[in-house]
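*Asks:* How does the following fold in three dimensions:
(one chain, ligands or ions: 2)
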Amino acid sequence: MRVLGIETSCDETSASVLEGSGDDVALRALVIQSQDVHRIFGGVVPEIASRAHLTAIVPVVEQALRESGGGALDAVAVTNAPGLVGALLVGVSYAKAFAFARGVPVIGVHHMEGHLFATALEHRNAVPPFTALLVSGGHTLLVDVEAWGQYRLLGKTRDDAAGEAFDKVAKLLGLPYPGGPHVERLAAQSAGGTFRFSRPMLRRDQHPGDPDFYDVSFSGLKTAVLNAVKASGLEAERGSIARAFQDSLVETLVEKTARAARQFRRARVVLGGGVACNAALVRAMRERLATRGVEVFAPSPRLATDNAAMIARAGLFRLERGERSALDLNAFASQPIPGLVAA
Ligand code: KG4
Ligand code: ZN
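*Replies:* Residues are numbered from 1 along each chain as shown. Ligands and ions are numbered 1, 2, ... in the order given. From the prediction side, this is the model:
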């Protein structure tokens with residue numbers, strides 16, 4: 001099966017062509033157009049994002065089709081939730097028109113299910129069963145994946161998403177948007193140890209079922225950073241603050257993921273979302289889990305951040321199960337991941 005994927009949920013216009021079946025899938029093309037313009041505003045401006053998608057969608061899809069070497073498509077997969085509705089609508093409308101014109105089916109894909117599939121495009125063994133940690137700009141989800149389509153939600157953030165915390169801390173430290181890579185670079189220049197922020201979500205003697213066992217919270221950490229910035233006033237201390245922030249966030253995510261892998265006896269952990277680009281997070285996860293024989297899979301930065309290849313991959317899974325969307329497919333700001341049950 002040959003699938004065209006389309007992603008326009010936030011500030012990346014992306015198209016991709018995949019070919020294969022089951023877990024045997026080859027990436028034929030991937031084009032990602034990042035909307036640089038939002039940097040001026042220090043965050044994504046929804047209407048600007050929608051209009052930029054409208055301008056970019058046709059050339060981005062045409063480029064992906066050219067790169068793929070042509071050949072008939074069997075279906076179109078498009079992100080239809082969650083995200084900025086105006087941005088999603090561009091991809092959804094385009095995908096429906098494209099599918100209708102070619103006489104092929106269209107399938108709506110949940111953006112976070114896409115992130116679950118991204119790593120499998122690069123690592124043959126990043127397939128279920130596994131423990132998934134999805135850390136993006138809008139979501140922080142700890143999920144047990146029994147099989148594709150069978151997801152158990154173990155934990156989530158009570159407030160800020162991990163990527164959002166990086167972006168807000170970047171702002172406090174005077175770094176550009178999006179802040180994650182800048183905070184990571186600054187943190188890497190510090191040896192650590194100057195500052196230490198508490199890890200309130202890591203209380204000991206907890207058990208599965210306790211409210212804080214899997215959930216995370218980063219708003220207190222953000223306040224700790226703000227107070228440290230105010231108290232220090234020294235340019236030289238920015239690196240130490242970035243390092244202390246990253247250490248605290250990473251330790252929290254690693255501990256929660258390790259708990260989940262242990263409880264469900266999973267031998268694999270799969271990371272996804274933009275924060276999975278963070279080398280300190282991936283390294284700490286590997287160090288912590290290697291001793292227990294758990295393998296950690298992280299996507300390359302191109303597939304960790306928003307892209308249409310992961311949407312085509314999740315769409316392929318749904319299409320192979322016989323699922324199709326009708327031409328009244330709509331876009332939604334938020335929606336549960338299909339197949340996700342509460343723990
Ligand atoms: O998955 P993604 O591309 O978009 C969403 O679906 O939200 O994630 C974007 C987020 C941003 O918050 C960005 O700051 C963060 O991922 N990010 C990073 C790194 N690279 C991107 N956070 C920490 N370290 C990084 N190297
Ligand atoms: Zn995303």
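
*Asks:* Where does the stretch 51-200 of the chain get nearest to ligand 2, residue-wise?
*Replies:* With CB to the ion as the measure, Ser136 is the residue of the stretch 51-200 of the chain nearest to ligand 2, at 4.2 Å. To be clear about C-beta, it is placed using only N, CA and C from the backbone, and glycine gets the same treatment.

*Asks:* what do you get for the stretch 201-343 of the chain?
*Replies:* Scanning the stretch 201-343 of the chain for the residue nearest ligand 2 gives Asp306, at 4.4 Å (criterion: CB to the ion).

*Asks:* residue ranges for the helices of this protein, please.
*Replies:* In the chain, the segments counted as helices under DSSP state H are 46-67, 85-102, 111-118, 162-172, 180-188, 219-232, 238-263, 279-290, 301-304, 308-320.

*Asks:* Would you pull up how far the last one lies from the middle of the chain?
*Replies:* Meaning helix 308-320. Taking CA atoms, centre = their mean, to the nearest Å, one finds helix 308-320 lying 15 Å from the centre of the chain it belongs to.

*Asks:* Please identify the buried residues of that helix?
*Replies:* Within helix 308-320, the residues that count as buried by 16 or more other CB atoms under 10 Å are Ala308, Ala309, Met310, Ile311, Ala312, Arg313, Ala314, Gly315, Leu316, Phe317, Arg318, Leu319.

*Asks:* Include distance to ligand 2 when you put the helices of the chain into JSON lines, please.
*Replies:* Formatted as JSON lines, the helices of the chain follow (distance: least, CB to the ion, whole Å):
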{"stretch": "helix 46-67", "distance to ligand 2": "13"}
{"stretch": "helix 85-102", "distance to ligand 2": "12"}
{"stretch": "helix 111-118", "distance to ligand 2": "6"}
{"stretch": "helix 162-172", "distance to ligand 2": "9"}
{"stretch": "helix 180-188", "distance to ligand 2": "12"}
{"stretch": "helix 219-232", "distance to ligand 2": "21"}
{"stretch": "helix 238-263", "distance to ligand 2": "16"}
{"stretch": "helix 279-290", "distance to ligand 2": "16"}
{"stretch": "helix 301-304", "distance to ligand 2": "9"}
{"stretch": "helix 308-320", "distance to ligand 2": "9"}
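
*Asks:* Of the ones you listed, which is nearest Gln33?
*Replies:* helix 46-67 (4.8 Å; CB to CB).

*Asks:* Low-confidence ranges, the stretch 51-200 of the chain, go.
*Replies:* Under the criterion pLDDT under 70, no range of the stretch 51-200 of the chain is flagged.

*Asks:* how about 80 then?
*Replies:* Applying pLDDT under 80 to the stretch 51-200 of the chain picks out residues 200.

*Asks:* Spell out which residues of it are next to ligand 1.
*Replies:* Ser136, Gly137, Gly138, Gly163, Phe166, Asp167, Pro178, Gly179, Gly180, Pro181, Glu184 (CB under 6 Å from any ligand atom).

*Asks:* please redo it, this time with the cut-off set to 8 Å
*Replies:* 83, 111, 115, 135-139, 161-164, 166-167, 170, 177-181, 183-184 (CB under 8 Å from any ligand atom).

*Asks:* who's in contact with the residue of the stretch 1-150 of the chain found nearest ligand 1?
*Replies:* At 2.8 Å from ligand 1, Gly137 is the closest residue in the stretch 1-150 of the chain, using CB to the nearest ligand atom. By CB atoms under 8 Å, 6 or more residues apart in numbering, Gly137 lies in contact with Cys10, Ala161, Gly163, Glu164, Asp167, Pro178, Gly273, Gly274.

*Asks:* just to revisit the earlier point, could you identify the buried members of the residues of the stretch 51-200 of the chain next to ligand 1?
*Replies:* 83, 111, 115, 135-139, 161-164, 166-167, 170, 177-181, 183-184.
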